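Asks: Generate a structure from the sequence data that follows.
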Amino acid sequence: MSLWRPRLRKRLDRLRRYRHIVGVLMKYGLEEVAEALRSKLFVRLGERAAPLRVKKVATDKSRPHRVRLALEELGPTFIKFGQLLSTRPDLVPAEYVHELEQLQDQVKPDTSAHIIAEIERQFDGKIGDLFAWFDPMPLAAGSIAQVHRATTLEGDSVVVKVRRPGIVEIIHAECEILEELVGVLRVTLFERETIDARRMVKEFVQAVSEETNLAQERRNQLRFLKSFETDPAIHVPRVYEKYCNNAILTMEYIDGVKPSGPEVLLEHGLDPKIVARRGADFVLRQVFELGFFHTDPHPGNFFLLPDNILAPIDFGQVGRLSPQDGRVLNEIILAIVENEASRLARVLEREDMVDERTDVNKVTADMDQLIDTYRNLPLRNIPFGTIVTRTFDLFRTNFVRPPAQFTLMLKTLATIESFARSLDPDFNIMEAMKPYARSANLRDFEPKKLLRHMRRAMADAGDLAARLPDDANAILSKFRQGKFQIRVHHEHLENLTHTVDRSSNRISFSLIIAALLVASSMLVAQEGTVLGLFSLQSMGVAGYVMAAIIGIWLLISISRSGRL
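Replies: Model prediction:
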């Protein structure tokens with residue numbers, strides 16, 4: 001009994017959440033998605049469980065705008081999912097990206113009593129014994145955590161980032177709902193798009209799980225701290241590990257200026273052009289040298305200290321580039337800068353970023369047309385952000401699939417360019433990027449690196465040569481024994497198998513109904529009994545009844561599936 005009640009409560013909560021989602025989708029005119037979910041609720045709980053009529057709003061707005069409004073009303077988890085979609089312009093059309101980028105993760109702060117109670121529970125002590133002073137009023141509040149000022153017992157001024165109590169359970173439950181909705185999203189909202197909804201939801205669940213673990217953010221920050229400890233232009237806040245765990249992150253308090261515009265910087269004696277260049281160098285070094293980068297370098301995630309020192313904050317979202325991704329990036333940047341569309345197309349094909357639907361010749365022609373638009377412009381006048389946007393459109397329409405981290409990196413570069421140009425209109429990231437790309441290419445030809453690559457290649461070749469006789473012998477042995485098998489996997493073939501099984505089942509039931517009707521018609525016309533117990537006419541009538549019951553059941557099943 002004790003196990004049954006929580007399960008029932010969880011199921012009822014899940015169904016209430018479904019009902020709320022259906023209502024919000026209907027409210028903003030997303031009927032095709034709402035109808036698919038409403039049918040699901042109807043099947044589970046009956047007609048009353050699914051809302052039928054909801055007053056519509058924003059009917060004069062575009063569909064992407066209405067999607068954004070719906071996600072905002074559905075709450076933090078769905079807002080974060082929309083924010084993830086906005087980082088994938090290679091999959092999501094530009095009009096959706098523009099709207100989803102405006103999603104704001106603004107929520108009402110949790111009460112100071114709840115936050116203090118959570119800190120005391122996490123550290124098993126009273127707040128007065130943990131900090132010399134703790135400000136109950138938050139500096140900022142997000143859907144996952146909120147930030148408070150405090151003073152350590154040693155007298156250091158810090159900020160304490162506290163995960164909201166119960167937020168992990170809430171996000172986990174809503175992620176399960178999103179995973180259940182993948183099929184509905186794929187065949188309704190994104191039916192005519194190239195987006196892989198299942199992959200997107202999987203990426204989101206992984207990303208939001210990392211974001212709720214503040215220990216991961218602490219590790220990211222420590223890595224940035226070590227990487228930039230010798231750079232006088234960058235100040236990464238110190239981490240107070242004594243006051244950190246999975247739910248709490250304590251770091252140095254930065255008393256700086258927000259880079260909200262060149263006028264503000266000039267008022268505080270700062271140079272906007274120097275800050276713009278340092279912000280760009282901060283990100284470019286991460287991308288081209290470290291392979292580990294801050295994915296959201298917008299002005300709200302920076303403070304400025306005297307002498308134009310940049311202090312980045314919020315390391316919850318980071319991206320990673322493998323050495324191979326870095327080499328591909330270098331080639332793509334140099335191909336664009338040096339106006340070589342065919343070279344770019346070869347890179348995409350070589351790195352297996354195209355599929356059977358991609359016309360490589362068309363990709364080359366489209367890229368050549370894009371590059372030709374800016375061919376005769378000075379490098380400083382080439383709008384990198386515009387090129388990135390149009391490149392993503394080209395990728396999406398030609399079914400080019402770059403790795404998710406690679407796409408995130410290009411989006412990050414476009415964001416830092418926007419940040420830098422807001423401070424210095426003459427700044428151009430292409431000029432700043434070119435030496436990094438060339439330097440990275442030259443590093444691949446350094447003697448030590450070449451020697452290491454040659455040693456690895458020789459070791460791999462030796463290992464292959466050593467295993468080749470045994471592998472060949474195993475293959476020949478299977479041939480002789482008749483056990484050699486070639487397995488072919490066709491993507492989405494399981495969907496076809498499921499459809500064929502369902503169709504064959506319906507055909508079988510239809511044949512049974514037909515057979516019952518024919519047999520019953522023959523029996524009704526006869527006289528006599530079977531074993532002296534049942535009359536033939538009664539058995540015929542019973543056959544009609546059975547045929548009617550099976551037929552009605554079959555019609556209901558087909559109707560509920562939505563495929564008449």
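Asks: now do the same end-to-end measure for stretch 278-297.
Replies: Using C-alpha to C-alpha, to the nearest Å, the span of stretch 278-297 from its first residue to its last is 12 Å.
Asks: for stretch 304-312, same thing?
Replies: Using C-alpha to C-alpha, one end of stretch 304-312 lies 9 Å from the other.
Asks: Could you do stretch 224-236 as well?
Replies: Span of stretch 224-236 from end to end, C-alpha to C-alpha: 7 Å.
Asks: now swap in stretch 99-113 and tell me
Replies: With C-alpha to C-alpha as the measure, the ends of stretch 99-113 fall 36 Å from one another.
Asks: Backbone dihedrals for the nearest residue to Asp296 once chain neighbours are set aside, please?
Replies: Nearest-residue entry for Asp296: Gln317, 5.5 Å, with adjacent residues in sequence omitted and distances by C-beta to C-beta, 6 or more residues apart in numbering. Any C-beta I mention is one placed from the backbone N, CA and C, and that applies to glycine too. Its backbone dihedrals place Gln317 at phi -120, psi 110, with angles given as degrees, to the nearest 10.
Asks: Sketch out the low-pLDDT regions of the stretch 401-550 of the chain for me.
Replies: Applying pLDDT under 70 to the stretch 401-550 of the chain picks out residues 440-468, 470-471, 474, 478-503, 505-506, 528, 530-534.
Asks: before we move on, the earlier item: which pLDDT value does the model give the residue nearest to Asp296?
Replies: In the predicted model, Gln317 carries a pLDDT score of 82.
Asks: ok, it - contacts?
Replies: The neighbours of Gln317, taking C-beta atoms under 8 Å, 6 or more residues apart in numbering as the test, are Ala207, Glu211, His294, Thr295, Asp296.
Asks: That one and Glu176, how far apart?
Replies: According to C-beta to C-beta, to the nearest Å, Gln317 and Glu176 sit 22 Å apart.
Asks: Please, where are all the helices along the stretch 151-300 of the chain?
Replies: Read by DSSP state H, counting those that start in this stretch, the stretch 151-300 of the chain holds these helices, from start to end of the chain: 167-180, 182-187, 197-212, 214-227, 262-267, 272-285.
Asks: got the CA positions of the longest one in PDB?
Replies: The one in question is helix 197-212. In PDB, the C-alpha atoms belonging to helix 197-212 read as follows (Å, rounded to 0.1, in the frame of the first residue of the first chain):
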ATOM      1  CA  ALA A 197      13.700  15.700 -32.100                       C
ATOM      2  CA  ARG A 198      14.800  12.600 -30.300                       C
ATOM      3  CA  ARG A 199      18.500  13.600 -30.500                       C
ATOM      4  CA  MET A 200      17.700  17.100 -29.400                       C
ATOM      5  CA  VAL A 201      15.800  15.900 -26.300                       C
ATOM      6  CA  LYS A 202      18.600  13.500 -25.400                       C
ATOM      7  CA  GLU A 203      21.100  16.400 -25.700                       C
ATOM      8  CA  PHE A 204      18.900  18.600 -23.600                       C
ATOM      9  CA  VAL A 205      18.400  16.000 -20.800                       C
ATOM     10  CA  GLN A 206      22.200  15.600 -20.600                       C
ATOM     11  CA  ALA A 207      22.900  19.300 -20.600                       C
ATOM     12  CA  VAL A 208      20.300  20.200 -18.000                       C
ATOM     13  CA  SER A 209      21.500  17.300 -15.800                       C
ATOM     14  CA  GLU A 210      25.000  18.800 -15.900                       C
ATOM     15  CA  GLU A 211      23.600  22.300 -15.200                       C
ATOM     16  CA  THR A 212      21.800  21.200 -12.000                       C
END
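Asks: buried set for it?
Replies: Buried positions in helix 197-212, judged by neighbour count with 16 or more other C-beta atoms under 10 Å: Ala197, Met200, Val201, Glu203, Phe204, Val205, Ala207, Val208, Glu211, Thr212.
Asks: Now for Ile556, how many residues are close by?
Replies: Residues near Ile556, counting by other C-beta atoms under 10 Å, number 10.
Asks: Whatever helix or strand it lives in packs against which elements?
Replies: Under the criterion of DSSP states H and E, Ile556 resides in helix 536-561. Helix 536-561 is packed against helix 31-45, helix 493-524, strand 529-530, with contacts defined by 3 or more C-beta pairs under 8 Å, 6 or more residues apart in numbering; DSSP states H and E.
Asks: ok so, going back, out of the helices of the stretch 151-300 of the chain, which is the most enclosed?
Replies: Neighbour counts (mean count of other C-beta atoms under 10 Å) averaged over each of the helices of the stretch 151-300 of the chain peak at helix 272-285, with a mean of 21.
Asks: Tyr436 is in contact with Val283, isn't it?
Replies: No: using C-beta atoms under 8 Å, Tyr436 is not in contact with Val283; the gap is 10.2 Å.
Asks: The residue nearest to Leu536 when sequence neighbours are not counted: neighbour count?
Replies: Spatial nearest neighbour of Leu536, chain neighbours left out: Gln526 (4.3 Å); criterion: C-beta to C-beta, 6+ apart. Gln526 is flanked by 11 other residues according to other C-beta under 10 Å.
Asks: is it true that Gln526 lies in a strand?
Replies: No: Gln526 sits outside any strand when classified using DSSP: H, G, I helix; E, B strand; the rest coil, being coil.
Asks: what's the burial count for Ala472?
Replies: The number of residues near Ala472, taken as other C-beta under 10 Å, comes to 10.
Asks: now swap in Glu289 and tell me
Replies: Close neighbours of Glu289, defined as other C-beta under 10 Å, add up to 14.
Asks: for the host helix or strand of Val22, packing partners?
Replies: Element membership for Val22 (DSSP H and E) is helix 4-27. For helix 4-27, the elements it packs on are helix 31-45, helix 63-74, helix 167-180, judged by 3+ C-beta pairs under 8 Å, 6+ apart.
Asks: May I see the buried residues of that helix?
Replies: By neighbour count, and taking 16+ other C-beta under 10 Å as the criterion, the buried residues in helix 4-27 are Arg14, Leu15, Tyr18, Arg19, Ile21, Val22, Gly23, Val24, Leu25, Met26, Lys27.
Asks: quick one: which of the helices and strands packed on helix 4-27 has the weakest pLDDT on average?
Replies: In terms of mean pLDDT, the lowest-scoring of the helices and strands packed on helix 4-27 is helix 31-45 (a mean of 61).
Asks: from what I can see the residue nearest to Leu536 touches Gln537, true?
Replies: Yes: taking contacts as C-beta under 8 Å, Gln526 lies within contact range of Gln537: 7.1 Å.
Asks: quick revisit: measure how the helix holding Val22 sits relative to helix 167-180, angle-wise.
Replies: 60 degrees (axes from the mean of the first three to the mean of the last three C-alpha atoms, to 10 degrees).
Asks: Who are the contact partners of the nearest residue to Phe81 once chain neighbours are set aside?
Replies: Using C-beta to C-beta, 6+ apart and skipping the chain neighbours, the partner closest in space to Phe81 is Phe204 (5.2 Å). Remark: with contacts taken as C-beta under 8 Å, 6+ apart, Phe204 is in contact with Lys80, Phe81, Leu84, Cys175, Leu178.
Asks: was I right about the fourth one contacting Thr77?
Replies: This means Cys175. Yes: applying C-beta under 8 Å, one finds Cys175 in contact with Thr77, separated by 6.8 Å.
Asks: Overlap in contacts, the two.
Replies: By the contact definition C-beta under 8 Å, 6+ apart, Cys175 and Thr77 are jointly contacted by Val208.
Asks: Closest to the centroid, which residue in this structure?
Replies: Within the chain, one residue has its C-alpha closest to the average C-alpha position: by C-alpha atoms, centre = their mean, that is Phe204, at 3.8 Å.
Asks: What confidence value was assigned to it?
Replies: According to the per-residue confidence, Phe204 scores 80 in pLDDT.
Asks: So what's the model's average confidence on the lengthiest strand in the chain?
Replies: Secondary structure of the chain read by DSSP state E shows that its longest strand is strand 131-141. Computed over strand 131-141, the mean pLDDT rounds to 93.
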